[in-house]
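Colleague: I would like the atomic coordinates for the input below:
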Amino acid sequence: MRVTIELLQARGASCSELDVFTKEWPQGGKLNKKNILRALELGLNLDWFAFNCLPPSARADFKKATDSAWATCKKAEALARAALQKSTAPAQATYDKADALAWAAYQKACAWALIEVVAKMEVQE
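Modeller: Down below sits the predicted model:
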């Protein structure tokens, strides 16, 4: 299979992906191991390519071959998110407390300012 700029455009590749592809393969390129590994080095989205450019039977084979890796990726992502939330929870609690105190102080200042303004209005009446 030959991959061309026209093929990628027709399938809806992003402008940034097209720019990278065009710089590396201005005349297009053959879909082979060397070029796939180069695309990986360049940060091109191989998953997008497989699901948008391969024929349906090859797409199904690709999905089957990558399902396990995708599941592992999602698990790792969930663990990382949990670790992030655990590590930031104390800071978030401190922020929330400080924010609540600041808001309460502001509300109190508003109340006293309003009292002063109303008192001045009463004197002027």
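Colleague: and what about the residue positioned nearest the centre of the chain, helix, strand or coil?
Modeller: Compute the mean C-alpha point of the chain, and by CA atoms, centre = their mean the closest residue is Glu77, 12.6 Å away. When classified by DSSP: H, G, I helix; E, B strand; the rest coil, Glu77 comes out as helix.
Colleague: looking at it, Leu42 is touching Val20, isn't it?
Modeller: Yes. The pair Leu42 and Val20 qualifies as a contact (CB atoms under 8 Å) at a distance of 5.3 Å. Any C-beta I mention is one placed from the backbone N, CA and C, and that applies to glycine too.
Colleague: okay, these two: which has more neighbours?
Modeller: Shown here are Leu42 and Val20; by other CB atoms under 10 Å, Val20 has more neighbours (17 against 12).
Colleague: which other helices and strands contact the host helix or strand of that one?
Modeller: Per DSSP states H and E: Val20 is located in helix 15-24. Contacts defined by 3 or more CB pairs under 8 Å, 6 or more residues apart in numbering; DSSP states H and E place helix 15-24 against helix 5-10, helix 33-41.
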